[in-house]
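*Asks:* What follows is a predicted protein model with its sequence.
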Amino acid sequence: MARMFGTDGVRGVANTELTPYLAMQLGAAGATVLANERSYRPTIMVGCDTRISGDMLANALMAGICSVGANAVYVGVVPTPAVAYLANKYKVDAGVVISASHNPVEFNGIKFFNGDGYKLSDELEDQIEELIKSGLKDVARPTGSRVGKIKYRTDAREEYINHSKKQIDTDLRGMKIVVDCAEGASYYTSIETLRDLGADVIAIHNNPDGTNINANCGSTHMEELCARVVMEKADIGLAFDGDADRLLASDENGKMVNGDEIMAIVGNYMKSQGTLAGDTIVVTVMTNLGFKLMCEQQGIKIEQTKVGDRYVLERMREIGANLGGEQSGHIIFLDQNTTGDGLLSALHLLEVVKKTGKKLSELKKIMEVLPQSLRNASVPSHKKEAYMEYPEIVEAIQALEAKYNGEGRVLIRPSGTEPLVRVMIEGRDQAEIDKDARDLADLIEQTVL
């Protein structure tokens with residue numbers, strides 16, 4: 001049986017795969033495991049994004065928490081990084097986010113943080129999963145005054161805004177910014193923060209109705225934002241995903257700026273200021289080869305991990321790095337938060353633009369992005385790890401690896417959160433790599449049934 005927890009919590013279609021019953025079990029099991037780690041009644045903070053199933057799952061989860069005698073603190077709709085920060089600030093024992101990040105509205109997820117704001121270890125996740133698989137055997141069910149209770153903190157998002165504003169040493173007066181909130185959790189926090197800092201903000205997709213999260217907007221659909229930046233003659237565009245833990249940008253010419261480029265811009269600025277710990281940035285194997293060449297030229301060291309911001313974070317903590325992230329826009333500023341934080345990434349990027357007086361199009365020239373082609377092959381979820389068991393797929397991958405040896409690279413991996421096998425080919429000719437990536441993705445889809 002596949003592991004319940006993926007690289008970013010428990011994910012699935014809400015009310016079929018991720019049911020209220022499973023959410024209640026996760027709440028009860030999570031609180032029980034945490035109680036076993038401590039000698040007192042634990043308190044767990046819960047937040048969610050804007051999708052319609054959030055209320056259903058959050059209430060089920062909190063019912064599970066209270067049913068085993070733990071307490072819950074509900075902070076409502078806030079970004080994922082806000083829960084990580086607030087769990088630490090309020091000194092609770094854990095935080096949980098109900099969100100499926102950039103996925104469509106029908107999906108949802110449940111992700112745990114410990115009391116320090118870090119994602120739970122694999123060992124603790126495995127303990128929670130085993131307890132659920134046992135049917136919550138031997139789990140205590142208190143009664144009377146020993147049942148847990150829920151506290152509601154409507155002020156929590158303001159705490160996160162105040163924290164965020166303190167993280168850059170400049171104001172944003174004179175800057176015109178278009179912000180795409182993806183109809184998600186950043187709809188309030190990002191707009192209020194940027195306006196408080198003096199920016200002229202044009203907000204789009206910031207009217208969530210529970211069903212429109214990530215719908216042709218946000219960091220996975222940049223077209224409207226890029227066009228709007230040009231139309232408004234704005235200095236920059238910012239795009240968040242549904243739970244606002246990632247950021248992509250548009251320069252003033254409507255050209256997309258991805259996570260690698262943002263890290264290149266901010267990382268070089270931090271190095272010039274003496275604030276880039278160890279002159280090192282932690283990235284994943286998906287990071288563009290152009291980023292590696294840039295770092296070699298600028299005297300910056302690279303540490304590489306497998307895909308997933310949790311692995312980036314683990315390596316950062318191991319070596320004492322304070323900047324790391326992914327091409328997709330998950331960027332971690334470890335001195336200021338314990339997870340990818342879209343708003344924090346935006347503020348640091350805006351600080352570089354403001355303090356250098358340079359346009360974003362000029363700043364991003366520090367790195368040449370080599371052509372990449374990314375394709376997804378849809379496969380049954382329980383078979384996405386087994387694609388290399390098919391000889392025809394192995395042969396096709398080996399042929400492409402030989403073709404691009406020395407001139408690019410081929411990277412195939414199962415998604416940690418979706419029923420997909422991801423195909424990435426990097427090379428010099430965009431049309432050629434597009435065709436090869438498409439053909440390989442089609443082969444995987446047709447073979448893994």
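*Replies:* Good, I have the coordinates.

*Asks:* What count of nearby residues applies to Ile425?
*Replies:* Residues lying near Ile425 (other CB atoms under 10 Å) number 26. All C-beta atoms are positioned from the backbone trio N, CA, C, and that covers glycine.

*Asks:* Settle this for me: it is touching Lys403, isn't it.
*Replies:* No - at 9.4 Å, Ile425 and Lys403 do not qualify as touching, with contact defined as CB atoms under 8 Å.

*Asks:* any shared contact partners between these two?
*Replies:* Any residue near both Ile425 and Lys403 by CB atoms under 8 Å, 6 or more residues apart in numbering counts here, and that gives Asp436.

*Asks:* And stretch 90-106, how far out from the chain middle?
*Replies:* Relative to the centre of its chain, stretch 90-106 is centred 11 Å away, using CA atoms, centre = their mean, to the nearest Å.

*Asks:* What residue spans form the domains of this protein?
*Replies:* Per automatic domain parsing, the structural domains of the chain span 10-158, 173-255, 258-347, 372-447.

*Asks:* residues near Lys133, how many?
*Replies:* Residues lying near Lys133 (other CB under 10 Å) number 13.

*Asks:* For Ala386, see how far away it is.
*Replies:* Computed as CB to CB, to the nearest Å, the Lys133 to Ala386 distance reads 22 Å.

*Asks:* Equivalent analysis for Lys255, please.
*Replies:* From Lys255 over to Ala386 the distance is 39 Å, taken as CB to CB.

*Asks:* The two: which has the busier surroundings?
*Replies:* Taking neighbours as other CB under 10 Å, Lys255 and Ala386 compare with Lys255 leading, 17 against 13.

*Asks:* quick one: low-confidence parts of this protein?
*Replies:* Scanning the chain for pLDDT under 70 picks out the ranges 1-2.

*Asks:* Torsion angles phi and psi at the spatially most central residue of it?
*Replies:* The centre of the chain sits closest to Asp245, judged by CA atoms, centre = their mean, with a distance of 4.4 Å. Note on Asp245: its backbone torsions stand at phi -100, psi 0 [degrees, to the nearest 10].

*Asks:* tell me the contacts of it?
*Replies:* Going by CB under 8 Å, 6+ apart, Asp245 touches 79-81, 101, 309, 330, 339-342.

*Asks:* Looking at those, which is nearest Arg173?
*Replies:* Arg173 has its nearest neighbour among these in Gly342, at 22.0 Å by CB to CB.

*Asks:* Can you get me a residue count around the closest one?
*Replies:* 32.

*Asks:* Wait, it touches Ala244, no?
*Replies:* Yes - between Gly342 and Ala244 there is a contact under CB under 8 Å: 4.5 Å.

*Asks:* residues bridging contact with the two, i.e. touching both?
*Replies:* In terms of CB under 8 Å, 6+ apart, Gly342 and Ala244 are both contacted by the residues 79, 81, 186, 190.

*Asks:* Disregarding residues adjacent in the polypeptide, which is nearest to the second one?
*Replies:* Think Pro81. Nearest residue to Pro81, sequence neighbours excluded (CB to CB, 6 or more residues apart in numbering): Asp341, at 3.7 Å.

*Asks:* Helices along this structure, start to end?
*Replies:* When assigned using DSSP state H, the helices of the chain occupy the ranges 20-37, 54-67, 80-89, 122-133, 156-165, 186-196, 223-232, 259-273, 289-298, 309-319, 342-356, 360-363, 391-404, 430-447.

*Asks:* Ok, which of those helices comes nearest Thr211?
*Replies:* Across those, Thr211 has its closest neighbour in helix 54-67 (11.6 Å, CB to CB).
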